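K.L.:
Sequence unavailable; structure follows:
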């Protein structure tokens, strides 16, 4: 059912308003005035086709919570708990009076993310861009020159060692067999965990022959349990449970059959779409997650486009999608794009693309702009340390897409808040200077009058 606006009740007439409790010069209060909240009421109305049931939560409340969550690096539970304690958070989310109870269950944020999808969170990013323009962080011409780069957003999975995957697959199969009342001849619940730990000790001692022998035995344990369940699948009468068992058996069979040099390997049973990406870094040779395409303004480092790219595509083949997303979100086609050497062979004709390292025929001004291409690196670093881009806990490829765009929203809001705070400091400094100059002038006038007397 569509959200219903809550009107004022009789008891609310005696309650103090939030505007009387907070400092209206606070950066969050100013930011709330810059965002067009009615936009979400209009655009998200299509997600409520039914007129039956309980009214949905206010879209402004959900949009505000998602903004705050990725601005201050909070989980679903933490942002709801902090919302109850912070009057500025409540004012930012559209409350008139201070609330003492949770506005919604934290699991509702999961349902909202799934409901609005990637298009809905891109509207959130669009509003941060408009708010940045309104606050003066970026101008209308800022999106004419952009920087594009890719980074890996790691998934919330453990490091995929063979021993851990075999043992986890066996445990998941045993749990499903118990749920379906299937009798497994041997579950290996005592031998398999012990052998899994022994594999790590053999590897640490560099006894690789013993390690490979233990791995083959552990693989046999998992395969034995899987085949026992496959033989008894006809006895499962519950269709939903049977489907779950078939999916799990297919994943385990895929893991047992894959070879070390296969493409599209399985690195996590609960996240089959995780990619292994080698980025050539000295500290971390491989990262397990998905590639994220980031587009920022050349001068300010403001995020004007971000999306996940599953399947680990070549960087040069993603530039066209980055520029298309930028044009959709900002209604402006960029004139210049600065990229690194990984984008050679991009094939983009509508925008002038400048690749790092190629300075032949460039003016000194263009060479300076090209040297600034590396400014996107600290921007991505802040999104990982100050935001939540370093690790994605949302499930599936849809979760990767939603999480990446929301991380871009959080970075933009942090930049707007920093700009508003700096602007207020400048105003205070100017006022103090004005009062100081006036006071010194008055003191000098008094001194002159005293001398004349």
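P.N.:
Yep, that arrived. Predicted model, so just to flag it, every value in this text is computed and none were measured.

K.L.:
From here on, just use CA atoms for contacts and neighbour counts.
P.N.:
Fine.

K.L.:
now the strands: where do they sit in the protein?
P.N.:
For the chain, the strands defined by DSSP state E occupy 145-155, 275-278, 286-297, 303-309, 336-339, 352-355, 391-392.

K.L.:
could those be laid out in JSON lines, adding mean pLDDT?
P.N.:
Formatted as JSON lines, the strands of the chain follow (pLDDT from 0 to 100):
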{"stretch": "strand 145-155", "mean pLDDT": "94"}
{"stretch": "strand 275-278", "mean pLDDT": "90"}
{"stretch": "strand 286-297", "mean pLDDT": "94"}
{"stretch": "strand 303-309", "mean pLDDT": "95"}
{"stretch": "strand 336-339", "mean pLDDT": "94"}
{"stretch": "strand 352-355", "mean pLDDT": "92"}
{"stretch": "strand 391-392", "mean pLDDT": "94"}
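
K.L.:
Could you say which of these is packed most deeply?
P.N.:
Counting by mean count of other Cα atoms under 10 Å, strand 303-309 has the highest mean neighbour count of the strands of the chain, with a mean of 26.

K.L.:
What helices and strands are in contact with that one?
P.N.:
helix 107-135, strand 286-297, helix 319-330, helix 396-452 (3 or more Cα pairs under 8 Å, 6 or more residues apart in numbering; DSSP states H and E).

K.L.:
So which of these is the most surrounded?
P.N.:
Note that of these, strand 286-297 is the most buried (mean count of other Cα under 10 Å), with a mean of 23.

K.L.:
Tell me the strands beside that one, with direction?
P.N.:
Strand pairing for strand 286-297, using DSSP bridges, gives strand 145-155 (antiparallel), strand 275-278 (antiparallel), strand 303-309 (antiparallel).

K.L.:
Pull the residues that contact that strand.
P.N.:
142-155, 274-280, 302-312, 318, 322, 326, 376, 400, 404 (Cα atoms under 8 Å, 6 or more residues apart in numbering).

K.L.:
Please look at residue 320 and residue 348 and confirm they touch.
P.N.:
Yes: the pair residue 320 / residue 348 is scored as a contact, 6.2 Å apart, by Cα atoms under 8 Å.

K.L.:
one step back: of all the strands of the chain, which one comes closest to residue 34?
P.N.:
strand 303-309 (17.3 Å; Cα to Cα).

K.L.:
For the closest one, which outside residues touch it?
P.N.:
With Cα under 8 Å, 6+ apart as the criterion, strand 303-309 contacts 125, 129, 143, 290-297, 322, 325-326, 329-330, 400-401, 404-405, 408-409, 411-412.

K.L.:
what do you get for stretch 323-343?
P.N.:
122-123, 125-126, 129, 143-149, 295, 304-305, 315-317, 319, 351-357, 370, 373.

K.L.:
Could you tell me how many residues sit around the closest residue to residue 245 other than its chain neighbours?
P.N.:
The shortest distance from residue 245 to any residue other than its chain neighbours is 6.7 Å, reached at residue 176 (Cα to Cα, 6 or more residues apart in numbering). By other Cα atoms under 10 Å, 17 other residues sit near residue 176.

K.L.:
ok, now the one 5 residues further on?
P.N.:
If you count neighbours by other Cα under 10 Å, residue 181 ends up with 11.

K.L.:
Show me what counts as buried in stretch 196-208.
P.N.:
Neighbour-count burial for stretch 196-208 flags 196, 198, 199, 200, 202 (criterion: 16 or more other Cα atoms under 10 Å).

K.L.:
so which two of those residues are the farthest from each other?
P.N.:
Counting by Cα to Cα, the most remote pair of the buried residues of stretch 196-208 is 196 and 202, 10.3 Å apart.

K.L.:
how close does the residue nearest to residue 245 get to residue 183?
P.N.:
Residue 176 sits 11 Å away from residue 183, going by Cα to Cα, to the nearest Å.

K.L.:
Likewise for residue 146?
P.N.:
61 Å.

K.L.:
Same check on residue 283?
P.N.:
The value you get for residue 283 to residue 183, if Cα to Cα is used, is 47 Å.

K.L.:
More neighbours: which of the two?
P.N.:
Counted by other Cα under 10 Å, residue 283 and residue 183 do not tie: residue 183 has more neighbours, with 13 against 6.

K.L.:
ok, now which ones touch the residue nearest to residue 210 when sequence neighbours are not counted?
P.N.:
What sits nearest to residue 210 in space, not counting adjacent residues and going by Cα to Cα, 6+ apart, is residue 202, at 6.6 Å. By Cα under 8 Å, 6+ apart, residue 202 lies in contact with 208, 210, 211.

K.L.:
now, which of the residues you listed sits nearest residue 58?
P.N.:
For the contacts of residue 202, the nearest to residue 58 is residue 211 (56.4 Å; Cα to Cα).

K.L.:
Let me see the contact set for the closest one.
P.N.:
198, 199, 200, 202, 203.

K.L.:
now do residue 171
P.N.:
Residue 171 touches residue 189, counting by Cα under 8 Å, 6+ apart.

K.L.:
And the one 3 residues further on, by the same measure?
P.N.:
Contacts for residue 174 (Cα under 8 Å, 6+ apart) come out as 184, 187, 225.

K.L.:
Determine the number of other residues adjacent to the first one.
P.N.:
Around residue 184 there are 18 other residues, counting by other Cα under 10 Å.

K.L.:
now do residue 39
P.N.:
With other Cα under 10 Å as criterion, residue 39 counts 15.

K.L.:
Quick check: it vs residue 126, distance?
P.N.:
Distance from residue 39 to residue 126, by Cα to Cα: 11 Å.

K.L.:
rewinding a little: reformat the helices and strands packed on strand 303-309 as TSV; add distance to residue 339.
P.N.:
What follows is those, written out as TSV (distance: least, Cα to Cα, whole Å):
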stretch	distance to residue 339
helix 107-135	22
strand 286-297	10
helix 319-330	9
helix 396-452	19
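
K.L.:
State the phi and psi torsions of residue 258.
P.N.:
Backbone dihedrals for residue 258, given as degrees, to the nearest 10, come out at phi -70, psi 150.

K.L.:
Surely it and residue 264 touch.
P.N.:
No: Residue 258 lies out of contact with residue 264 (Cα under 8 Å); the separation is 9.1 Å.

K.L.:
picking up where we left off before, now, which of the contacts of residue 202 lie within helices?
P.N.:
Among the contacts of residue 202, the ones falling in helices (DSSP state H) are 208, 210, 211.

K.L.:
I'd like the average pLDDT over stretch 175-187.
P.N.:
What stretch 175-187 shows for mean pLDDT is 93.

K.L.:
first to last residue in it, what's the distance?
P.N.:
10 Å.

K.L.:
starting at the chain centroid, how far to that stretch?
P.N.:
What separates the centre of stretch 175-187 from the centre of its chain is 38 Å, taken as Cα atoms, centre = their mean, to the nearest Å.

K.L.:
what residues does it touch?
P.N.:
By Cα under 8 Å, 6+ apart, the residues outside stretch 175-187 that reach it are 174, 225, 228, 229, 232, 236, 241, 245.
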